[in-house]
Structures are given as C-alpha cells and as structure tokens.
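Asks: Mind folding the following:
(one chain, ligands or ions: 1)
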Amino acid sequence: MSANDRRPVGSPQSQTYDSAFLKACRREAVPHTPVWFMRQAGRSLPEYLKVREGIPMLDSCMRPELVTEITLQPVRRHGVDAAIFFSDIVVPLKAIGIDLDIKPGVGPVIAEPIRTRADLARLRDLTPEDVTYVTEAIGMLTRELGSTPLIGFAGAPFTLASYLVEGGPSRNHEHTKALMYGDPQLWADLLDRLAEITGAFLKVQIEAGASAVQLFDSWVGAIAPADYTRSVMPASAKVFDAVASYGVPRIHFGVGTGELLGLMGEAGADVVGVDWRVPLDEAARRVGPGKALQGNLDPAVLFSTPDAVMAKTDEVLDAAAGLEGHIFNLGHGVLPTTDPDALTRLTDYVHTRTAAR
Ligand SMILES: Cc1c2[nH]c(c1CCC(=O)O)Cc1[nH]c(c(CCC(=O)O)c1C)Cc1[nH]c(c(CCC(=O)O)c1C)Cc1[nH]c(c(C)c1CCC(=O)O)C2
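Replies: Next up is the predicted model:
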C-alpha cells in the first residue's frame, strides 16, 4: 500500500495538508505567502529545453518519467510552494481520439474542427484507461514531492470549445461565438460533453494524488457577463461539482476576466485566479467573501530591473494584505524568454517579505 492509499488527498492526514499552499487555499493562517507560477515548467528553463530535445510536446506528456522530471525542475530550481503537473489542456482530447497536435510557437491545432451536431459524436467519454500515463506520472511525482502539493489541471469547457470549434488558436473566437449565438442548444450540448470529459480528467488526477486542481478558462475573458452566465457557467459549474466531494481546493483562472471574477467564484471555485489588470483588493470586492485569491504580477514585469520587479511585487503584496487567503502567482503564464533567475529571486523575495508578518 502506498502513502497515497492510506492518506487520502483532501484529508487532514494527507502529507501535503499542512503546506502553506493548501493552508492559503483554505484561507487559514500561513507561515509565508505561498508562491507558484503558471507555466513554471517549460521553455524558460534550460534543463527543460535539454530533456525535451527532439521529443514533440504531446509525446512528452505521455512519458511518465519525463513528466516527473519536468514537473520537478521548477520546484528544485525556484523553491516554489507547489508543483503543477506537466501536461496540456488538449491532452484529454487527444486521449479520446481527437486528431490534434501542438505546433511549436502556435499552440494546439485541430485537424477537423467541431462545428455540427454530427461532430459531437467524436467527443466520447474519457476513462482512466485512456490516460494511464497520467495516473502513473502522478504516482511517481507525489512520492518524489513528499509534503509539496501537486496541482492537477484541465482546460475549462469554453476554452477547449474555442480550440475545437476554431481549429486552433484564435484572436476573436468568431466561429465559437457564431455557434454559441446561432445554435444555443448545440453549443450547450458541446459544453456539457466537454464538462463530462474535463470532470473525468480531473478525477483521474485527484485519485492519483493531486492535492488541488486548477481549471484554466484562459480565453473566457472574450465573453460578456450575461453570456457567461447563460452559456458558459453551467458547464464550468458541472466540472467543479464533479470533483467537489474530494475536498481538494479548486482554482478557477482566466485572462482578462475582471468583469467575470464574481461569476467565476460562483461557478464553484475555492480560489479565484486574477490577471494583472485588476488589483487584488478590488478583485476581493468583486469576488466577495469566502474565497482565496491567486495572482497577480504581470509576467512582463520580470523583464524589468530587479528593483522594478520588487516594487511591482510590493504593490501586489500590499493589495493582498487584507485578503482571507492569498497565493502569489503571475497574472498569466511565465513568458518563454523570462530569465529563470528572476523567478528564483521573486520566489525568495515573496517568501522573505511575507515571513515576518
Ligand atoms: C491555453 C493553454 C494551453 N495549454 C495550457 C493553457 C492554459 C494556460 C494558459 O492560459 O496559458 C496549460 C498548460 N500547458 C502546459 C502546462 C504545464 C505546466 C506548467 O504550467 O508548468 C500548462 C498548465 C505546458 C505547455 N504547453 C505548451 C508548451 C510549449 C511547448 C514546448 O515547450 O514545446 C508547454 C510547456 C504548448 C501550448 N499549449 C497551449 C498553448 C497556447 C501553447 C503554447 C504554444 C507555443 O507558444 O509554443 C494551450
């Protein structure tokens, strides 16, 4: 029997329960503000580029030893308070047989976009057998990580639908919105299918040992609040409901979502991720009581001088001073050409500045 079998995730007996990260998610007192970075594993790290050499992105997600190594790299280097599982939001779609690839410098590209009712049949249920490499990698990882929590993740139904309907990355989401407004029933059915798949994918990660999960609705900032409530929120709420009984914190993040922060909390999140456009004290007013916040240093700030980084970090920490729970992060993912030393310095700075309080 492994440690995971005896000490279930989410319970006070789990090895990660008393970590600063999980305490902040639960809005309990912390020894220091916990830090992790979206996209902390990846191209900013030379050791990542080295192990990925000659291995296509999606292939790398299916090799448990490689996933374990890549996930651990930023934890070792920066001393962050949590690891995020190395994978991609399109991995579950690939696992159920959707023909897609991740093109370097472009992102996910879908061979045949999904736009009709007949296309929906291609989105079959995801079972744990489809992603045994995920279960295996998380088992290896949680053994290596010990008391450091592992964050599992998935793409939210809207963001996944955007890739599937457009066929790839999109600035304006025109085909996606055409479907959402033009055939609301097909849209609702598509998002509901994606919610089932996403819920199943998160369950696999939690059952394998993930201590928290983050739902990335990266592109939902393109949607107005009324449309979000009507056409997006029911599916995201279904995903959060699917994993509610595990008792692990659920984080909800999107870019440009200032007008949606309250609704994204209401969808069922315990922690709301905030990009850099809304200060955290204002975000707290929008989200309301009972939720922790995560964020929100502009990732581009890391290209500035160390003094400027510290000054902008102080602004984030000052705005966060009155929050019920705060997890320090960037407002979006680490940019690929970021100096990794700037991330290590930032981690140390947040730890030191918040330890004395
Ligand atoms: C929208 C989205 C995607 N993937 C993801 C999102 C949501 C987060 C966000 O909003 O940024 C999520 C994601 N993708 C990846 C992770 C790994 C874990 C981590 O954060 O450290 C996570 C959490 C690895 C990856 N996913 C990808 C890379 C780069 C590929 C490479 O290193 O070869 C990595 C490390 C590819 C990818 N996959 C996607 C994009 C836009 C890209 C970048 C394309 C490019 O610029 O090359 C889709």
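
Asks: Tell me the residues of the stretch 1-150 of the chain that contact the ligand?
Replies: Residues of the stretch 1-150 of the chain lying near the ligand by C-beta under 6 Å from any ligand atom: 38-43, 57, 84, 86, 88-89, 102, 104-108. C-beta coordinates here come from the backbone N, C-alpha and C atoms, glycine included.

Asks: what's the answer for the stretch 151-300 of the chain, then?
Replies: Where the stretch 151-300 of the chain comes near the ligand, counting by C-beta under 6 Å from any ligand atom, the residues are Phe153, Phe216, Ser218.

Asks: In strands, which of those residues fall?
Replies: Members of those lying in strands (criterion: DSSP state E): Phe153, Phe216.

Asks: Buried only: go through the residues of the stretch 151-300 of the chain next to the ligand for me.
Replies: Neighbour-count burial (16 or more other C-beta atoms under 10 Å) applied to those gives Phe153, Phe216, Ser218.

Asks: Look up phi and psi at the last one.
Replies: According to degrees, to the nearest 10, the main-chain angles of Ser218 amount to phi -50, psi -40.

Asks: show me where pLDDT drops low in this structure?
Replies: 1-7, 356-357 (pLDDT under 70).

Asks: Repeat the analysis, applying 80 as the threshold.
Replies: Scanning the chain for pLDDT under 80 picks out 1-9, 356-357.

Asks: Just give me the longest helix of it.
Replies: helix 184-208 (DSSP state H).

Asks: Mind giving me the PyMOL select for the residues of the stretch 1-150 of the chain next to the ligand, buried ones only?
Replies: Paste this into PyMOL to select the buried members of those, with burial taken from 16+ other C-beta under 10 Å:
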select buried, resi 38+39+40+41+42+57+84+86+88+89+102+107+108
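
Asks: Looking at the residues of the stretch 1-150 of the chain next to the ligand, which are in helices?
Replies: Among those, the ones falling in helices (DSSP H) are Met57.

Asks: wait, doesn't Val301 sit right on Asp314?
Replies: No: under the criterion of C-beta atoms under 8 Å, Val301 is not in contact with Asp314, lying 11.6 Å apart.

Asks: Neighbour count for the two, which is higher?
Replies: Neighbour tally, Val301 and Asp314, criterion other C-beta atoms under 10 Å: the higher count belongs to Val301, 19 against 12.

Asks: what sits against that one?
Replies: Going by C-beta atoms under 8 Å, 6 or more residues apart in numbering, Val301 touches Ala308, Val309, Lys312.

Asks: Leaving out chain neighbours, which residue sits closest to Ser60?
Replies: Nearest non-adjacent residue to Ser60, counting by C-beta to C-beta, 6 or more residues apart in numbering: Leu66, 5.4 Å away.

Asks: burial of that neighbour, as a residue count?
Replies: Other residues lying near Leu66 total 17 when counted by other C-beta under 10 Å.

Asks: quick one: it from the ligand, how far?
Replies: Going from Leu66 to the ligand by C-beta to the nearest ligand atom, to the nearest Å gives 12 Å.

Asks: ok, now Met310?
Replies: Using C-beta to the nearest ligand atom, Met310 is found at 24 Å from the ligand.

Asks: Secondary structure element holding that residue?
Replies: Counting by DSSP states H and E, the element that carries Met310 is helix 306-320.
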